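Chemist: Structure here, sequence nowhere to be found:
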């Protein structure tokens with residue numbers, strides 16, 4: 001079964017350390033790369049090359065070398081930009097967390113802090129902060145939805161489902177809420193695929209062209225052995241310009257008996 005598409009995305013701040021190590025090693029790494037790169041030719045001189053071939057190979061190698069250097073500089077710049085963006089996000093998140101502690105009655109501050117905790121996998125802190133936000137604004141569905149997402153990441157799917165249902169009581173036409181509820185039924189220790197299918201179809205009644213819901217519904221139909229429904233739903237998804245990777249899903253559906 002291919003991995004389902006979740007409704008809530010997280011920013012992997014842990015990648016900062018990895019990127020930083022790569023950047024710290026870039027100076028040495030580049031020197032080693034270019035010394036050993038085939039673009040510089042073999043370490044021993046070629047046997048009996050003609051003068052013309054030497055000149056041509058030298059010019060081509062020089063250009064290839066410069067292209068490689070330019071490309072590597074571009075990659076380093078991109079990595080530096082990503083590192084800087086992640087650093088800023090983390091810094092802003094930490095400020096939000098401090099503000100939430102200083103202003104416990106500030107709903108917006110609690111929500112921003114909870115998002116920071118969620119993105120950095122500090123799930124217990126996220127839950128505590130979201131419960132405080134919920135007390136401040138009992139009618140808001142977003143804290144309940146985020147509580148569902150947090151428990152989903154903790155793989156406590158029944159608890160996550162209960163929070164999604166509470167969020168839907170406040171916002172019954174919210175497609176992401178409904179989609180996430182459906183996913184909990186697919187991921188529980190004892191999956192309820194029929195219930196997941198029902199929730200996905202209810203979400204599609206509101207948003208018939210939602211690619212994430214169509215993806216998950218296709219997967220659910222395939223899991224349930226409903227080949228015709230899986231193919232029909234996949235066809236609907238393929239008509240959209242979703243940009244989603246459908247390779248594994250297509251393989252999964254193709255393996256179904258007609």
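Modeler: Nice, thanks for sending it over. These numbers come from a predicted model, not from an experiment.

Chemist: helix, strand or coil for residue 191?
Modeler: Residue 191 carries the three-state label coil when classified by DSSP: H, G, I helix; E, B strand; the rest coil.

Chemist: For it, give me phi and psi.
Modeler: Backbone torsions for residue 191, taken as degrees, to the nearest 10, come to phi -60, psi 140.

Chemist: Roughly how far does it sit from residue 246?
Modeler: 22 Å (C-beta to C-beta, to the nearest Å). C-beta coordinates here come from the backbone N, C-alpha and C atoms, glycine included.

Chemist: Residue 105 is in what secondary structure piece?
Modeler: Assessed by DSSP states H and E, residue 105 sits outside every helix and strand.

Chemist: got the contact list for the residue nearest to residue 188 when sequence neighbours are not counted?
Modeler: Leaving aside its sequence neighbours, residue 188 sits nearest to residue 157 (C-beta to C-beta, 6 or more residues apart in numbering; 4.6 Å). By C-beta atoms under 8 Å, 6 or more residues apart in numbering, the contact set of residue 157 is 151, 184, 187-189.

Chemist: let's go with 7 Å and repeat that
Modeler: Each residue near residue 157 by C-beta atoms under 7 Å, 6 or more residues apart in numbering is listed here: 184, 187-188.

Chemist: Which one of these sits in the busiest neighbourhood?
Modeler: residue 184 (26 neighbours; other C-beta atoms under 10 Å).

Chemist: In what element of secondary structure is that residue found?
Modeler: helix 175-187.

Chemist: Show me what that helix is packed against.
Modeler: Where contact means 3 or more C-beta pairs under 7 Å, 6 or more residues apart in numbering; DSSP states H and E, helix 175-187 is packed against helix 142-153, helix 157-170, helix 193-206, helix 211-223.

Chemist: So which residues make contact with the first one?
Modeler: Applying C-beta under 7 Å, 6+ apart, the external contacts of helix 142-153 come out as 8, 111, 114, 118, 123, 126-127, 130, 133-134, 159-160, 163-164, 166-167, 170, 177, 180, 184.

Chemist: In three-state terms, label residue 90 for me.
Modeler: helix.

Chemist: Can you report how many residues lie near it?
Modeler: If we define neighbours as other C-beta under 10 Å, then residue 90 has 16 of them.

Chemist: what does the model give it for pLDDT?
Modeler: pLDDT recorded at residue 90 is 87.

Chemist: do the same with residue 150
Modeler: On the pLDDT scale, residue 150 gets 98.

Chemist: any idea how far it is from residue 128?
Modeler: Distance, residue 150 to residue 128, using C-beta to C-beta: 10 Å.

Chemist: Of these two, which one has the most company?
Modeler: The residue with more neighbours, out of residue 150 and residue 128, is residue 150; 26 against 14, by other C-beta under 10 Å.

Chemist: Next, find the distance separating the more buried one from residue 125.
Modeler: Taken as C-beta to C-beta, the span from residue 150 to residue 125 is 10 Å.

Chemist: which neighbours do the two share?
Modeler: Contacts common to residue 150 and residue 125, judged by C-beta under 7 Å, 6+ apart, are absent.

Chemist: on that earlier part again, which one of the helices and strands packed on helix 175-187 lies nearest to residue 87?
Modeler: Between residue 87 and these, the shortest separation by C-beta to C-beta is 23.2 Å, and it involves helix 142-153.

Chemist: Nearest residue to residue 162 in space, please, no chain neighbours.
Modeler: Closest residue to residue 162 apart from its sequence neighbours, by C-beta to C-beta, 6+ apart: residue 148 at 7.9 Å.

Chemist: can you pull the pLDDT of residue 130?
Modeler: 98.

Chemist: Surely it is in contact with residue 113?
Modeler: No: Residue 130 is beyond contact range of residue 113, at 9.3 Å (criterion: C-beta atoms under 7 Å).

Chemist: Tell me where the model's unsure across the stretch 101-250 of the chain.
Modeler: Along the stretch 101-250 of the chain, no part satisfies pLDDT under 70.

Chemist: contacting residues for residue 229?
Modeler: Residue 229 neighbours (C-beta under 7 Å, 6+ apart): residue 221.
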